[in-house]
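1. What follows is a predicted structure for the sequence shown.
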Amino acid sequence: MLETRTLTKSFGPIHVTKGVSLRLEKGERRVILGPNGAGKTTLFNQLVGELTPDSGTILLDGADVTSLRVADRARLGLSRSYQKNTLFDGLTIGENLGLAAAVALGKGQGLWRDPLQSAEVRETVREVAAQVDLAAFLDMSVKAVSYGIRRQLEVGIALATRPKVILMDEPTSGVGPEMSKGFHRLLKALPRDLTVLIIEHDMDLAFDVADTITVLNYGEVVFDGLPEAARQSQMLKDIYLGAWEDA
Amino acid sequence: MFAHTPLRLTTLTLLAIGSLAYAFVAGFFGLEILAEIAILAILVIALDLVAGFGGMVSLCHGALMGVGAYAFTVAANEAGLGAFPAMMLAVALSAALAFVIGAICARSIGIYFIMATLAFGQMAYSFVFQSPLFGGDDGLSGAPRPDLTAIGIDLTDSRAFAIYAIAMVALTYLVAAATLRSGLGRSLVGLHHNEKRLRALGLTVWRAKATAFAISGALAGLAGCLAAQHTQYISPGLLSWTVSGEALVVVILGGLGTLVGPIVGAVLFVVLKHEISAITPYWHAIVGLILIAVVMSRANGVFGFVEARMAARKSKPVLQKANADA
Amino acid sequence: MTADLGFWVLQTLNALQLSMLLFLLSVGLTVIFGLMHFVNLAHGSLYAFGAYMAASLAGVLGYWGGFLLAPLAVAALGAVLYFTLIRSQRRAGPMAQVLITFGLIFVAVDATRLIWGDLPIGIAVPAVFEGQLALLGVTYPIYRLFIIALGLAVLAVLTLVLTRTQVGAMIRAGVDNDQMAACLGINVERMFFLVFVVGCALAGLAGAVAAPVLSVTPDMGLQILIPTLIVIVIGGLGSLKGAVAGSLIFGFVQTFGAVLLPTFNSVLIYALLAAVLVIRPEGLLPAKG
Ligand SMILES: Nc1ncnc2c1ncn2[C@@H]1O[C@H](COP(=O)(O)OP(=O)(O)OP(=O)(O)O)[C@@H](O)[C@H]1O
Ligand SMILES: [Mg+2]
């Protein structure tokens, strides 16, 4: 469903992505692990087109999308959430979700009807709000809600496009254990045909939801396999000394 | 997101009733002022649409208006088109030009956008100023007013013209409000808040910006047609960046991003201009000082200030309750 | 006529003279922007104020008195502006800055009208630079050569200061990355003030040297503003090299455009600007990246 072949990217002398090749099947849940600065976010940025790789290929549903622009890839069903909240700050939560749904439904340039009032968009907003536990907050301004709620909205916006492939960049970063559990449930309840790639530091969550695990270190894939194998790998324990102990 | 609050609807109603009532009682001078207000109101609604809602602060709206005025005058006088076809042509031309400018400037944001629009506006200005086709510095005269005698309206009469101009403001407002409630308008507001995210959601950003700019440009072009019909004389000065700057000032004085505020701003601006100019030749200095004071006060213009006050009053009980809970 | 060497020399000198005048104006504006992210539309008004001060003082103290004191007067005015308006609006965003300084232009134009009247004021070229100099087959006013020389001298001094001194290094660090500069313990506030005031003084100097060749009118500041902005946008906001390149491009395109393509003369420069914005939205030699 989503595939990269020898993806490479450097910022000046720093090589942040070194020949990364990944392959996600339809419906696969894969967790990307890796220490800070391993190049996880940079990889996402290349997958969605916000950064251009120096070399390598990105395939989405079999089609080469390496030279497609961000919006074009999004229209093919690729969606992402950001590590740092990237919301529409002046708007309400409902408007955030509605705007995302409207744009994804191709109503973002329409001149006649208000997409926020359309049945399709309202239905999507209702469903996504239920998914990410935001139904009670739809009329509240993003500015007025807590960080945790905004974190949920971050994922909600990505889901509101009804994607085929969703990339989530540390969705639980900075939220409490309770909310983190909520994300577990959310992830498990996602439709089975949705392909999910998550960057996550929380090991419990990683092992709980992952079909497969990829570990990045210094821009390189150092592990790619099943969670059980990852759990037993001595090399990974070495890379993550601190992180494993914490988990 | 844009919505019609009770305060906005009330203000609009009052403006409509007030201006129409005044149109029936005013003398010649008052009617001239009314027409002037109406034309400025159209221009600032156009500007607020992109600047207030989309964050595209344009310094070429004077030029877009001027292009409309020139296109109208040339089409009506030289090409012999009727006044209404000439207006449509002029509006279309302003829209097309605005689309191109919007598309080219779509990548620029903040001060770069302001500068880029300034450049394009000045380019149009110099072109009109230098081209012998358009009378150069002397300008062009003799723009016709539409002939509505068939339905018993004589637009050469200043009362009829003022009412016609007010009707055009209403039309402009409706177009702008409809745009803001369309998918494009929703995207426009979204772009203002977070362009990167909208792109990641699948919006072709440049096209949304260019289209919104084109609609705004069409309205500015309409203002230009009316300006030409009103004074029946146009000069390149209409396209100068200071006209755009002044329009921005009016938007700010009224209330950026409120759509209704700029109309209030236009009324205040024109009335104050005439009142103050009657007392002192230094009217610009006074506008300058008022502008600086308004911007430094951080209030969103006159209307924005009232709106914020009303909102604060409404939310106060909730706040007190929240405090009591805490 | 165009084949004649004298013509090219003459026009080149004209272009250089215009370029140097614009350089004096744009360098302050662009460095202020690069450092403080502040857009000062009233920069042209400071230039006009410099010209008026030079003209007034020349009547009392002679040309050189005006030449030396006008920049100081403008710097003093700049200091007042800095503490009343500029400092508090530094983080207010481009829109607020554009509006406030646009308001200042209005005030400045009327203030000059109030003080000096509506009529143009002219001042004489200083005695030492009167007359013409014959070179390369043309005779050229000495005073205009002086303007070129002055521009080059200022450029040389600024280059030295920016590349060879500690203050210069700080300014460059600040333009590059304001957070980093603050981390390095550079007194950012003092540096801003210094740069702003020096920028104002240079605008005043430009006004003073321009006074004898242009007529001094209330709207001269407004008229020079657009060329100055074009220069810094073409050159790339925030960079000294950009200001030099932009000034030269503007000076030459404008001067040669006027004689070679008189009908499209002023459209030419805007078309060039538009092209730059399309191809390189950050200008030709931006300060960063
Ligand atoms: N635009 C950029 N320019 C230069 N270097 C960059 C840029 N973006 C990221 N980097 C560098 O690339 C490396 C990888 O960054 P990246 O954000 O991808 O890490 P990450 O794995 O997401 O880390 P974290 O867990 O902290 O989010 C880091 O060293 C970072 O400093
Ligand atoms: Mg990251």
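-> Received it, and whenever you're ready, just let me know what you need. Ligands and ions are numbered 1, 2, ... in the order given.
2. residue in chain A nearest to chain C?
-> Residue nearest to chain C within chain A (C-beta to the nearest C-beta): residue A:12, separated by 11.0 Å. In short, each C-beta sits where N, CA and C put it, glycine included.
3. phi, psi of that residue?
-> phi 60, psi -120 (degrees, to the nearest 10).
4. Same question for the one 5 residues further on.
-> The phi and psi torsions at residue A:17 (degrees, to the nearest 10) take the values phi -130, psi 120.
5. same question, residue C:38
-> phi -110, psi 130.
6. how about the one helix or strand residue A:8 maps to, does it get close to ligand 1?
-> Under the criterion of DSSP states H and E, residue A:8 resides in strand A:2-11. Yes. Using C-beta under 6 Å from any ligand atom, strand A:2-11 reaches ligand 1 at residue A:11.
7. Need the distance between the two termini of stretch A:191-198.
-> Stretch A:191-198 has an end-to-end distance of 15 Å (criterion: C-alpha to C-alpha, to the nearest Å).
8. could you give me the average pLDDT of it?
-> Average pLDDT, stretch A:191-198: 94.
9. If we ignore the residues flanking it in sequence, what's nearest the residue in the stretch 201-326 of chain B that ligand 1 sits nearest to?
-> Nearest residue of the stretch 201-326 of chain B to ligand 1: residue B:205, at 20.3 Å (C-beta to the nearest ligand atom). Ranked by C-beta to C-beta, 6 or more residues apart in numbering or on different chains and with sequence neighbours excluded, the top spatial neighbour of residue B:205 is residue B:199, at 5.3 Å.
10. can you count the residues close to residue C:135?
-> By the criterion of other C-beta atoms under 10 Å in any protein chain shown, residue C:135 has 11 neighbours.
11. how much space is there between the closest residue to residue A:98 other than its chain neighbours and residue C:77?
-> Among residues not flanking residue A:98 along the chain, residue A:116 sits closest, at 4.5 Å (C-beta to C-beta, 6+ apart). For residue A:116, the distance to residue C:77 (C-beta to C-beta, to the nearest Å) stands at 51 Å.
12. Tell me the spacing between residue B:89 and residue B:16.
-> Taking C-beta to C-beta, one finds residue B:89 at 29 Å from residue B:16.
13. Who has more neighbours out of the two?
-> Taking neighbours as other C-beta under 10 Å, residue B:89 and residue B:16 compare with residue B:89 leading, 20 against 15.
14. so that one touches residue B:78, yeah?
-> No. With contact defined as C-beta atoms under 8 Å, residue B:89 does not reach residue B:78; the gap is 11.9 Å.
15. tally of neighbours for the residue in the stretch 101-250 of chain C that ligand 2 sits nearest to?
-> Minimum separation of the stretch 101-250 of chain C from ligand 2 (C-beta to the ion) falls at residue C:179, amounting to 19.9 Å. Residues lying near residue C:179 (other C-beta under 10 Å) number 9.
16. Same question for the one 10 residues further on.
-> Burial of residue C:189, expressed as a neighbour count using other C-beta under 10 Å, amounts to 11.
17. Go ahead and report the secondary structure state at it.
-> helix (DSSP: H, G, I helix; E, B strand; the rest coil).
18. quick one: the strands in the stretch 101-250 of chain C?
-> C:132-135, C:138-141 (DSSP state E, counting those that start in this stretch).
19. now swap in chain A and tell me
-> Along chain A, counting by DSSP state E, strands occupy A:2-11, A:14-24, A:29-33, A:55-60, A:63-64, A:78-81, A:165-169, A:195-199, A:212-217, A:220-225.
20. Can you tell me which of those strands is nearest to residue C:56?
-> strand A:2-11 (55.7 Å; C-beta to C-beta).
21. Assess the claim that residue A:3 and residue A:22 are in contact.
-> Yes. At 6.6 Å, residue A:3 and residue A:22 qualify as touching, with contact defined as C-beta under 8 Å.
22. Looking at these two now, which is surrounded by more residues?
-> Higher neighbour count among residue A:3 and residue A:22: residue A:22, with 20 against 16, using other C-beta under 10 Å.
23. Distance of that one relative to residue A:164?
-> Counting by C-beta to C-beta, the gap from residue A:22 to residue A:164 is 16 Å.
24. Ok, residue C:141 next?
-> In this view, residue C:141 and residue A:164 are 73 Å apart by C-beta to C-beta.
25. Could you pull up the residues touching the residue nearest to residue B:205?
-> A:70, A:71, A:74, B:205 (C-beta atoms under 8 Å, 6 or more residues apart in numbering or on different chains).
26. what about the third one, neighbour count?
-> So that's residue A:74. Neighbour number of residue A:74 under other C-beta under 10 Å is 24.
27. Contact partners for it?
-> A:48, A:104, A:161, B:199, B:200, B:201, B:202.
28. What does the residue nearest to it when sequence neighbours are not counted show for phi and psi?
-> Spatial nearest neighbour of residue A:74, chain neighbours left out: residue B:202 (3.5 Å); criterion: C-beta to C-beta, 6+ apart. Main-chain dihedrals, residue B:202, degrees, to the nearest 10: phi 110, psi 10.
29. Touching, residue B:202 and residue A:78? I think so.
-> No. Using C-beta under 8 Å, residue B:202 is not in contact with residue A:78, being 9.0 Å away.
30. who's more crowded, the two?
-> Shown here are residue B:202 and residue A:78; by other C-beta under 10 Å, residue A:78 has more neighbours (28 against 24).
31. mind checking pLDDT for the more buried one?
-> pLDDT, residue A:78: 96.
32. now residue B:266
-> pLDDT, residue B:266: 97.
33. got it, and residue C:186?
-> 69.
34. again, but for residue C:242
-> pLDDT, residue C:242: 92.
35. check contacts around the nearest residue in space to it that is not next to it in sequence.
-> Leaving aside its sequence neighbours, residue C:242 sits nearest to residue C:235 (C-beta to C-beta, 6+ apart; 2.9 Å). Each residue near residue C:235 by C-beta under 8 Å, 6+ apart is listed here: C:26, C:30, C:241-247, C:249, C:283-285.
36. Residue B:36 too?
-> By C-beta under 8 Å, 6+ apart, the residues touching residue B:36 are B:230, B:270.
37. now the residue nearest to residue B:205: how far from ligand 2?
-> For residue B:199, the distance to ligand 2 (C-beta to the ion, to the nearest Å) stands at 19 Å.
38. so which helix or strand takes in that residue?
-> Assigning secondary structure by DSSP H and E places residue B:199 in helix B:195-201.
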